[in-house]
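show me how the following folds:
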Amino acid sequence: MSTKGPVLFSDIGKRARDLLNKDYSSDQKISITTYSDTGLAINSSLAKKGGLSLGDVAAQYKYKKATVDIKADTETTVSTKLTVTNVLPSTKAIASVKFPDYKSGKLEAQYLHEHASFTTAVGLNKSPAVDFSATIGTPTITFGAEASYSTASRRFTKYTAGVSLSKPDSSASVILADKGDSIKASYLHHLSKLNGGAVVGEVSRRFSTNENTLTVGGSFVVDPQTTVKARLNNHGNLAALLHHELSPKSTFTFSGALDTKTLQKEPKFGLALSLKP
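Modelled structure (predicted):
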């Protein structure tokens with residue numbers, strides 16, 4: 001698919017969100033992935049969340065323009081997804097369904113052009129919700145909006161608008177969400193002093209409650225295999241993590257979180273180990 005045009009609406013502000021949120025966790029998880037010569041990948045994972053132990057087995061098979069994903073977990077849920085790219089130029093089609101909740105089925109289509117992108121998703125049930133989004137612009141600046149329409153109530157249940165500005169070493173975005181009740185602005189900048197790491201700031205405001213949240217964070221590249229990240233918001237929530245590559249595809253992540261305003265609470269720790277050949 002073409003990548004010379006504006007990003008999808010879901011990717012507006014993604015670089016800042018990933019730096020602030022990706023890989024932070026208070027769970028313990030281990031996953032092992034194996035590959036076959038036929039293009040089949042099998043991933044097994046086991047996670048401990050609170051006092052619960054959850055596991056799943058996922059398989060992915062790629063053949064030409066099609067990718068099939070199947071995942072079964074310990075809660076007896078089976079998820080399936082079929083992705084086909086370039087059925088028509090610059091398009092992607094995705095069909096997904098979960099069992100036994102077959103009403104969760106969804107059909108999605110994406111279209112990327114040099115000056116615009118468009119996505120639409122329709123639930124596969126009697127009264128489906130219809131989600132759609134569109135962006136216009138260039139890889140540098142993007143304007144976009146998304147909405148969700150309920151055919152059961154015959155009204156829009158969500159609409160959001162956003163704009164992003166992206167450069168090789170920085171990105172900024174502003175998103176107006178929750179039917180105009182909240183706004184979020186973020187800015188990310190890569191710094192050579194951090195060995196290729198970055199700093200990020202995010203400000204959000206909810207107008208109905210006059211609640212403001214300021215979050216700052218950053219990443220520091222210790223060496224080509226090790227990265228340290230941290231974030232802190234004005235509510236006193238502090239988190240940090242260490243991400244290390246054991247091999248080119250296997251990673252180890254250790255993270256911790258602390259409420260600095262209530263130090264009597266025990267900090268939370270998370271551990272994730274991903275092993276790939």
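
in this structure G39 contacts K62, no?
Yes. Contact status for G39 versus K62: in contact at 5.0 Å, counting by Cβ atoms under 8 Å. Using the backbone N, CA and C atoms, a C-beta is placed for each residue, glycine as well.

please identify the buried residues of the one helix or strand A72 maps to?
According to DSSP states H and E, A72 maps onto strand 66-73. Neighbour counts over strand 66-73 (16 or more other Cβ atoms under 10 Å) mark 67, 69, 71-72 as buried.

show me which of the residues you listed is closest to Y149.
For these, the residue nearest Y149 by Cβ to Cβ is D69; the value is 27.3 Å.

for the closest one, which residues are in contact?
Counting by Cβ atoms under 8 Å, 6 or more residues apart in numbering, D69 touches 58-60, 79-83.

that one and S96: what is the separation?
From D69 across to S96, the span is 8 Å (Cβ to Cβ, to the nearest Å).

repeat that for F252.
Counting by Cβ to Cβ, the separation of F252 from S96 is 31 Å.

quick one: low-confidence residue ranges for the stretch 101-250 of the chain.
Scanning the stretch 101-250 of the chain for pLDDT under 70 picks out nothing.

just the C-alphas of the strand holding A72, formatted as PDB.
Provided in PDB are the C-alpha atoms of strand 66-73 (Å, rounded to 0.1, in the frame of the first residue of the first chain):
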ATOM      1  CA  ALA A  66      -3.400 -12.500   2.200                       C
ATOM      2  CA  THR A  67      -2.700 -12.900   5.900                       C
ATOM      3  CA  VAL A  68      -4.700 -15.200   8.200                       C
ATOM      4  CA  ASP A  69      -4.600 -14.700  12.000                       C
ATOM      5  CA  ILE A  70      -6.200 -17.100  14.500                       C
ATOM      6  CA  LYS A  71      -5.900 -16.800  18.300                       C
ATOM      7  CA  ALA A  72      -7.500 -19.000  21.100                       C
ATOM      8  CA  ASP A  73      -7.200 -18.100  24.800                       C
END
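
roughly how far out does the following helix or strand past it sit from the chain middle?
Next along the chain after strand 66-73, taking DSSP H and E as the criterion, comes strand 78-85. Between the centre of strand 78-85 and the centre of its chain there are 18 Å (Cα atoms, centre = their mean, to the nearest Å).

alpha carbons of strand 78-85, as PDB, please.
Presented in PDB, the C-alpha positions along strand 78-85 are these (Å, rounded to 0.1, in the frame of the first residue of the first chain):
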ATOM      1  CA  VAL A  78     -11.300 -17.800  19.400                       C
ATOM      2  CA  SER A  79     -10.500 -14.700  17.300                       C
ATOM      3  CA  THR A  80     -10.000 -14.900  13.600                       C
ATOM      4  CA  LYS A  81      -8.900 -12.200  11.100                       C
ATOM      5  CA  LEU A  82      -8.300 -12.200   7.400                       C
ATOM      6  CA  THR A  83      -6.300  -9.400   5.800                       C
ATOM      7  CA  VAL A  84      -5.900  -8.900   2.100                       C
ATOM      8  CA  THR A  85      -3.900  -6.100   0.600                       C
END
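
now do the helices in the chain.
14-21 (DSSP state H).

hey, where'd the strands end up in the stretch 101-250 of the chain?
Remark: strands assigned in the stretch 101-250 of the chain by DSSP state E, counting those that start in this stretch are 106-112, 116-123, 129-137, 141-150, 155-167, 170-177, 182-190, 198-206, 211-223, 226-233, 237-245.

what is the neighbour count of A16?
By other Cβ atoms under 10 Å, 25 other residues sit near A16.

correction: K261
10.

that one: what's it in contact with?
Residues in contact with K261 (Cβ under 8 Å, 6+ apart) are 235-236.

same question, A93
By Cβ under 8 Å, 6+ apart, the contact list for A93 reads 83-84, 87, 107-110.

distance to S153 added to the residues you listed, as JSON lines?
Rendered in JSON lines, the data for these read as follows (distance: Cβ to Cβ, whole Å):
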{"residue": "T83", "distance to S153": "30"}
{"residue": "V84", "distance to S153": "32"}
{"residue": "V87", "distance to S153": "32"}
{"residue": "L107", "distance to S153": "21"}
{"residue": "E108", "distance to S153": "22"}
{"residue": "A109", "distance to S153": "24"}
{"residue": "Q110", "distance to S153": "26"}
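
since that was my last question, I'll sign off now.
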